[in-house]
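Enquirer: 3D model of this:
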Amino acid sequence: MQTTLKNPIIRVALVEDDANFQNDLIHAMHSAPDMSLVKVVGTRALALHMLDELIADVLLVDLGLPDGSGIDVIAAAHRQWPDCNIMVSTAFGDETHVMRSVEAGATGYLLKDSAPDNMIFEIRSLFAGGSPISPLIARQVLTRFHQAAAPARLADKTPALLSAREQVVLEHLTKGYSTPEIAQQLGVSRHTIRTYVRRIYEKLEVNSKTEAIYEARYQRLLAK
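Expert: Got it, this is the predicted structure:
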């Protein structure tokens, strides 16, 4: 006889002091058959005490709590509940809060512009091993990563040596000019401009205008 395996119930704990947002999430989770809301608290102190009382599969944490920062809760939960998936749900979208939350142990970060039904979807995604992140937050994280990687990347690579004419052509490409337009402005043939562009690509080790501009900025060959 074949046995049908049921999906596991996701135990969710919520740290949230906004009554309206709290009620919306509670209502949405009560409508989800695969979720069990095991605890709801609205302060940092109660959240830290909760960690000693029970355990959850997913912890949703607001950062702006009335008696302190939710980041303290994230750090404590990361230590005491190592298998728990921690997701920030907050109105704070600045880089400092984002990076401190991630460093403390959060694996998801959503701004409070998400609808309750979407939050349910993201909780499932987090529990399944995903890392739900609001688009604005994802852009900040990627920007921070590129900024951190750029110095090391530059240290390992010798900047390309472009001729004065190649530099001028590259700057025109950056401004969005086409090959015919550059040729007209510089008073040379289109073939000559295409030759310059090919040399620029070779020196920067790229295959397109977008890549050339990106690489040139990394090598600081172009003004920001």
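
Enquirer: the chain: strands as residue ranges?
Expert: 10-15, 35-41, 58-61, 64-65, 68-69, 85-90, 108-111 (DSSP state E).

Enquirer: those: which one's closest to residue 129?
Expert: strand 85-90 (8.5 Å; Cβ to Cβ). Just so you know, the C-beta spots here come from the backbone N, C-alpha and C atoms, and that holds for glycine as well.

Enquirer: which strands or helices does that closest one pack on?
Expert: strand 58-61, helix 70-80, strand 108-111, helix 116-127 (3 or more Cβ pairs under 8 Å, 6 or more residues apart in numbering; DSSP states H and E).

Enquirer: mind checking these for the one nearest to residue 44?
Expert: helix 70-80 (6.0 Å).

Enquirer: ranges for the helices of this structure?
Expert: Along the chain, counting by DSSP state H, helices occupy 19-30, 44-50, 70-80, 95-104, 116-127, 135-156, 164-174, 179-186, 190-204, 209-218.

Enquirer: just give me the residue right at the centre of this structure.
Expert: Centroid-nearest residue in the chain: residue 138, 2.0 Å away (criterion: Cα atoms, centre = their mean).

Enquirer: for that residue, give its distance to residue 110.
Expert: 11 Å (Cβ to Cβ, to the nearest Å).

Enquirer: least trustworthy helix or strand in the protein by mean pLDDT?
Expert: helix 135-156 (a mean of 62; mean pLDDT, DSSP states H and E).

Enquirer: related to what we said a few turns ago, which one, of the helices and strands packed on strand 85-90, ends up nearest to residue 20?
Expert: Of all the helices and strands packed on strand 85-90, helix 116-127 comes closest under Cβ to Cβ, at 10.8 Å.

Enquirer: compute the first-to-last residue distance for stretch 44-59.
Expert: By Cα to Cα, to the nearest Å, the extent of stretch 44-59 from end to end equals 13 Å.

Enquirer: could you check that stretch and say which residues are buried?
Expert: 44, 46-48, 50-51, 55-59 (16 or more other Cβ atoms under 10 Å).

Enquirer: max pairwise distance over those residues: which two?
Expert: 44 and 57 (21.5 Å).

Enquirer: quick one: residues contacting the closest residue to residue 170 other than its chain neighbours.
Expert: Residue nearest to residue 170 in three dimensions, not counting chain neighbours: residue 200, with 5.5 Å by Cβ to Cβ, 6 or more residues apart in numbering. Neighbour list for residue 200: 162, 166, 169-170, 173, 212 [criterion: Cβ atoms under 8 Å, 6 or more residues apart in numbering].

Enquirer: by neighbours, which of those wins?
Expert: Using other Cβ atoms under 10 Å as the neighbour test, those are led by residue 169, with 26 neighbours.

Enquirer: tell me the contacts of residue 192?
Expert: residue 183.

Enquirer: for residue 139, see how far away it is.
Expert: On the measure of Cβ to Cβ, residue 192 and residue 139 end up 39 Å apart.

Enquirer: can you check residue 27 too?
Expert: Counting by Cβ to Cβ, the gap from residue 27 to residue 139 is 31 Å.

Enquirer: likewise for residue 118?
Expert: 19 Å.

Enquirer: quick check: closest non-adjacent residue to residue 42.
Expert: residue 17 (4.0 Å).

Enquirer: okay, now the one you found: neighbour count?
Expert: 17.

Enquirer: how about the one 10 residues further on?
Expert: With neighbours defined by other Cβ under 10 Å, the count for residue 27 comes to 10.
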